[in-house]
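**Q** Need a 3D model of the sequence below.
(2 chains)
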Amino acid sequence: MKKFFFFSFCLLIIMTLHCGADETEDAETGYTVLPDINSILFGNEWYNPESALADTSIQFSETQDSVIYYEIKLDTNVLGDIKIRKIWDRRMYGGDSLNLFSSVVLVTEGSRRICGEFRRPDYGTITEGTYYLTIKYYNSKDSEYENANYNQGVNRVFTVDYP
Amino acid sequence: MKIITILSLIIITMVYADSTTTYRWPFVTGQGADTIISNFCDFRPQDVSTPHFHEGIDIRACSTSRKAYDVISITSGYEILSNPDSFSYGWIVKTRFYTDDTLGTLIPNQGAHHIHMLEINDSLQANKCYINTYLSHQTKFWRNHLHLEYIMLGTNSYSKNPFHITELPIPLADATSPILNKIYVDYFVLGSATVDSLNFLGYNFDQLYNSGTFKECSLPTSTPANDLDDPHIMVYGNRIVKFVLQGWDHFNKTDDYATPSIISTYIDHNISSLEKACYIVRFDSLLSSPDEVHQEEDVYYVTAPCSSAYGSAQYYRLYPHDNSSDGMPGCIITDTLVVDSVLVKTDNLEEGMHRFRVVAEDKAGHKKTGDIHFYLRINDWVDISRSFQD
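**A** Next up is the predicted model:
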């Protein structure tokens, strides 16, 4: 009889919780979506943890490793783990846009910034030109990547030249 | 409605569960024999006997005084299956379970082996049934421990994990989580890749990386919140790597080296179809079907450079191992030793940073998580990044 009362109690609790459950993810899709992109900063020096990236025109000295550091800041913290893809394109002076490659990263729950290094594997020379960054996020409902939304004024471009 | 139905079934099950068999610890309460020193499926290498899985659990009698112990069957009613045999490692008593009522109802196809007693109850005879009768009274043990096996009887008898009997009362709770010590990256035996330590954004992970015969990555004790104390590596070339875990489970003694109950792995966990584990080993049974017995090398790495050994390092493959074309051994079937397995093929992953996660869980439900982050490089560019909180 005690077991019966115990399980009846459990049943009551579960039904109460179920009826009162809040939606914690995107109301439309039911899946975690990427918050809007608040800002993107580029630079050729990295000061951790304080970001000091604010360059859209980057010059490398002859002795310096060629690394573009970047910080992508989101409007809000992500509610669950989500995967994003960063697509890198380059436009040579007077030329067409060339897709270089894309790279994914797991954005873990509670994160708001994505920081990284864009470079050659051997820190070799980054060709002069204008580089574009496009961000997509993985929509797990449709199993495809969708374009991220950018707040007004977000810069996604930087140029590289050598003195 | 579903919840009501399920709970109703649970209630009915619980009410009627009282009329079925109860299980007992094989030692008499109060005699202090309660420390597990070896678990089901621990690997026993050649230097002990022929290489084999440990098919039961070992219970240490006492580490300091070799007092005499009383051994009982884990069901109060039992049939002796054959006359007890004596070997250099003590007596074996094989039983078939009966319910503990006076009707002596058979529990179909279940029994146990109790091994290593130096003395047994000499009144035990084959094909006779007993209720509340000692298997052994005031005995000592070969190497001071009792080996308990839980057997599914039949044409092809096989062992199951005694902890699979959820009703079996365990005198001492398993108080500690499994230990995850290192992850080794096989890049040239079954793998094919070039692997380097990966440093970026001013973080240096070289201290977690040892470029040996396999690349050795040390796992931090903390898990899993702080990703920046995890190993980070770069994988390129053919991009095929296989991961091997060195770890173990403690019960209550720091010198216990036992296998965890479940080991599972995930890549980029929590992302849609990747939510499910890539690979799971559940140490529940040694038989997946009547004619398929698991082989030790399916689970353990048994050759150099990661040779498993009882009592010290045990190396678990974190991928299905066999020679079949689809990477799934015939004996790796659901509901038994290895379940829900999808081969981790790193060369199929997208370019970028990935998280490989291994989770070890003991029977008491303690979990330990270890992560290794790897950048999979395909192009002559890299974009190495991580996410951060504010």
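**Q** Share the number of residues neighbouring residue 44, please.
**A** Just going to use chain A. 20 (other C-beta atoms under 10 Å in any protein chain shown). (Each C-beta comes from the backbone N, C-alpha and C, glycine too.)
**Q** The intended chain is chain B.
**A** Neighbours of B:R44 under the rule other C-beta under 10 Å: 20.
**Q** and what of A:G129?
**A** A:G129 has 18 nearby residues by other C-beta under 10 Å.
**Q** The one 5 residues further on now?
**A** For A:T134, the neighbour count with other C-beta under 10 Å is 15.
**Q** Pull the contacting residues for it.
**A** By C-beta atoms under 8 Å, 6 or more residues apart in numbering or on different chains, the contact list for A:T134 reads A:K86, A:I87, A:D89, A:N147, A:R156.
**Q** With B:I37 instead?
**A** B:I37 sits in contact with B:D58, B:I59, B:R60, B:H145, B:F251, B:K253, B:D256, B:A258, where contact means C-beta under 8 Å, 6+ apart.
**Q** same thing but at 7 Å, please
**A** B:D58, B:R60, B:H145, B:D256 (C-beta atoms under 7 Å, 6 or more residues apart in numbering or on different chains).
**Q** Just the buried ones from those?
**A** Burial by neighbour count, judged by 16 or more other C-beta atoms under 10 Å in any protein chain shown, picks out B:D58, B:R60, B:H145, B:D256 from the contacts of B:I37.
**Q** tell me which of these is nearest to B:N181?
**A** Closest to B:N181 out of the buried ones among the contacts of B:I37 is B:D256 (14.4 Å), distances taken as C-beta to C-beta.
**Q** So that closest one, which state does it fall into?
**A** Following DSSP: H, G, I helix; E, B strand; the rest coil, we place B:D256 in the coil state.
**Q** What confidence value was assigned to it?
**A** B:D256 carries a pLDDT value of 75.
**Q** just B:E296 next, same as before
**A** Reported pLDDT for B:E296: 83.
**Q** Any chance of the backbone angles for it?
**A** For B:E296, the backbone dihedrals are phi -60, psi -40 (criterion: degrees, to the nearest 10).
**Q** neighbours around the closest residue to chain B within chain A, how many?
**A** At 2.6 Å from chain B, A:G116 is the closest residue in chain A, using C-beta to the nearest C-beta. For A:G116, the neighbour count with other C-beta under 10 Å is 25.
**Q** quick one: contacts for it?
**A** A:Y70, B:D383, B:I384, B:S385.
**Q** B:L287 reaches B:S159, doesn't it?
**A** No - in this structure B:L287 lies outside contact range of B:S159 using C-beta atoms under 7 Å: 8.0 Å.
**Q** hang on, the earlier thing: identify the farthest-apart pair in the buried ones among the contacts of B:I37.
**A** Checking these with C-beta to C-beta, the most distant pair is B:H145 and B:D256, at 12.0 Å.
**Q** on that earlier part again, give me the pLDDT for the closest residue in space to the residue of chain A closest to chain B that isn't next to it in sequence.
**A** Of all residues beyond its chain neighbours, the one nearest A:G116 is B:S385 (2.6 Å), with distances taken as C-beta to C-beta, 6 or more residues apart in numbering or on different chains. As predicted, B:S385 sits at a pLDDT of 95.
**Q** So which residues of chain A form helices?
**A** All helices of chain A, identified by DSSP state H, fall at A:2-19.
**Q** so where's it shaky on pLDDT?
**A** Residues of chain A that meet the criterion pLDDT under 70 lie in A:1-31, A:48-65.
**Q** can you rerun that using 80?
**A** Counting by pLDDT under 80, chain A contains low-confidence ranges at A:1-32, A:47-65, A:92-95, A:140-141, A:143, A:162-163.
**Q** what about the strands in it?
**A** A:37-43, A:57-59, A:67-74, A:82-91, A:97-107, A:113-119, A:129-139, A:144-147, A:157-161 (DSSP state E).
**Q** what lines up beside the one helix or strand B:I263 maps to in the sheet?
**A** Assessed by DSSP states H and E, B:I263 sits inside strand B:262-267. With DSSP bridges as the test, strand B:262-267 is paired with strand B:279-282 (antiparallel), strand B:352-361 (antiparallel).
**Q** Mean neighbour count, distance to B:N132 and mean pLDDT added to the ones you listed, as CSV?
**A** Below are those laid out as CSV (neighbours: other C-beta atoms under 10 Å in any protein chain shown; distance: least, C-beta to C-beta, whole Å; pLDDT from 0 to 100):
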stretch, mean neighbour count, distance to B:N132, mean pLDDT
strand B:279-282, 23, 34, 80
strand B:352-361, 23, 35, 92
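**Q** right, and the ones you listed - which one's nearest B:I240?
**A** Of the strands paired with strand B:262-267, nearest to B:I240 by C-beta to C-beta is strand B:352-361, at 13.6 Å.
**Q** So what touches that closest one?
**A** A:103-106, B:178, B:180, B:183, B:243, B:245, B:247, B:260-269, B:318, B:367-376, B:384-386.
**Q** Check stretch B:299-317 too.
**A** B:42-45, B:48, B:51, B:184, B:212-214, B:244-246, B:248, B:257, B:259, B:263, B:281, B:296, B:337.
**Q** nearest spatial neighbour of B:T213, skipping sequence neighbours?
**A** Using C-beta to C-beta, 6+ apart, the nearest residue to B:T213 is B:P305, at 4.1 Å.
**Q** in which helix or strand would I find that neighbour?
**A** Short version, using DSSP H and E: B:P305 is in no helix or strand.
**Q** ditto for B:S307
**A** Per DSSP H and E, there is no helix or strand for B:S307.
**Q** And for it, the neighbour number?
**A** Neighbours of B:S307 (other C-beta under 10 Å): 15.
**Q** Next one, pLDDT for it please.
**A** pLDDT for B:S307: 90.
**Q** Would you mind measuring from it to B:F43?
**A** Shown here: B:S307 relative to B:F43, a distance of 10 Å by C-beta to C-beta, to the nearest Å.
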